[in-house]
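[1] pasting the sequence and the predicted coordinates here, then a few questions.
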Amino acid sequence: ILNVEQSPQSLHVQEGDSTNFTCSFPSSNFYALHWYRWETAKSPEALFVMTLNGDEKKKGRISATLNTKEGYSYLYIKGSQPEDSATYLCAFEENQAGTALIFGKGTTLSVSS
Amino acid sequence: EAGVAQSPRYKIIEKRQSVAFWCNPISGHATLYWYQQILGQGPKLLIQFQNNGVVDDSQLPKDRFSAERLKGVDSTLKIQPAKLEDSAVYLCASSPDHPLGNTIYFGEGSWLTVV
């Protein structure tokens, strides 16, 4: 069974702090790495889909990097705001036709004003 | 563009009762997924459809769970009889085809509590 690990499980920061999370995934048979943000009672929102080793993607104050050779991705949030409070999920997509995404347990971020 | 629609949003049932969830994917999306997310865990794939055919149902507890996707559009997920450990969020998602590095779109989920 393929394993996707996320750390930390949860964290609490103050408004204005910058923070980062880690997603570890199998380094073999890689196709893509997906990041989602999931706010309570809303649908998970896609942030990034990353496919190339060394990829860096940015969306506003959120950015992500990808290392497929060692099997990890970092998600960074610069200057956290209360509206960033959510669970951040990463999902591994295997290089095999027809496979669905395999999710980690998520990192739950709480930002206090 | 309308998103993935799910109903009901919330359901409370007693153990051994049955429940059904409905999902309407984004128009034109061939692939539909049902994920189960238990508190403290990541979403786990229950079943994946490509049009109206099943691609993967290896993690679906077939003694109590069933799912169908008639005419390759809407889908229903049924649990009968429910157990306490079935308390979870049931997420439906869709994508134009197999992921292949493309975004998968999720609904808001159906929150089930079994008492």
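    Yep, that arrived.

[2] hmm, A:Ser73 and A:Leu66 touching each other?
    Yes. Using CB atoms under 8 Å, A:Leu66 is in contact with A:Ser73, at 4.9 Å. From N, CA and C alone the C-beta is placed, and that goes for glycine too.

[3] look up phi and psi at B:Asp86.
    For B:Asp86, the backbone dihedrals (degrees, to the nearest 10) come out as phi -80, psi 0.

[4] that one against B:Leu112, yeah?
    Yes. At 6.4 Å, B:Asp86 counts as touching B:Leu112 under the criterion of CB under 8 Å.

[5] need the overlap of contacts for those two.
    Here B:Asp86 and B:Leu112 have B:Ile79 as joint contacts, going by CB atoms under 8 Å, 6 or more residues apart in numbering or on different chains.

[6] quick one: residues contacting the residue of chain B found nearest chain A.
    Here chain B gets closest to chain A at one residue, B:Gly42, 3.8 Å apart by CB to the nearest CB. B:Gly42 sits next to A:Val4, A:Gln6, A:Leu89, A:Phe103, A:Gly104, A:Lys105, A:Gly106 when contact means CB under 8 Å, 6+ apart.

[7] so what pLDDT did the fifth one get?
    Confidence at A:Gly104, expressed as pLDDT, is 97.

[8] and the pLDDT at A:Ile1?
    With respect to pLDDT, A:Ile1 scores 68.

[9] list the buried residues for stretch B:78-92?
    B:Ile79, B:Ala82, B:Asp86, B:Ser87, B:Ala88, B:Val89, B:Tyr90, B:Leu91, B:Cys92 (16 or more other CB atoms under 10 Å in any protein chain shown).

[10] and the third one, what does it touch?
    I take that to be B:Asp86. B:Arg64, B:Ile79, B:Leu112, B:Val114.

[11] how about residues contacting stretch B:7-27?
    Looking at what lies outside stretch B:7-27 - CB under 8 Å, 6+ apart - the contacts are B:1-6, B:32, B:34, B:73-84, B:90, B:92-94, B:105, B:107-115.

[12] got the end-to-end distance for stretch A:45-56?
    End-to-end distance for stretch A:45-56: 19 Å, by CA to CA, to the nearest Å.

[13] that stretch vs chain B: in contact?
    Yes. Stretch A:45-56 reaches chain B (CB under 8 Å from any CB of the partner chain) through A:Ala46, A:Val49, A:Thr51.

[14] quick check: neighbours shared by A:Leu66 and A:Ser73?
    A:Leu33, A:Met50.

[15] next, the buried residues of the helix or strand of chain B with the lowest mean pLDDT.
    Within chain B, confidence by mean pLDDT, DSSP states H and E is lowest for strand B:53-56 among all helices and strands, at a mean of 94. Within strand B:53-56, the residues scored as buried using 16+ other CB under 10 Å are B:Val55, B:Asp56.

[16] is it in proximity to chain A?
    Yes. If you take CB under 8 Å from any CB as the test, strand B:53-56 does meet chain A, through B:Val55, B:Asp56.

[17] now what about that strand, what contacts it?
    Contacts to strand B:53-56, defined as CB under 8 Å, 6+ apart, come from residues A:Gly98, A:Thr99, A:Ala100, B:Thr31, B:Leu45, B:Ile47, B:Gln48, B:Phe49.

[18] likewise stretch A:46-61?
    By CB under 8 Å, 6+ apart, the list of residues contacting stretch A:46-61 reads A:31-37, A:62-69, A:73, A:75, A:77-81, A:84, A:88, B:101-105.

[19] one step back: let's see which of the contacts of stretch B:7-27 end up in strands.
    B:5-6, B:32, B:34, B:75-79, B:90, B:92-94, B:105, B:110-114 (DSSP state E).
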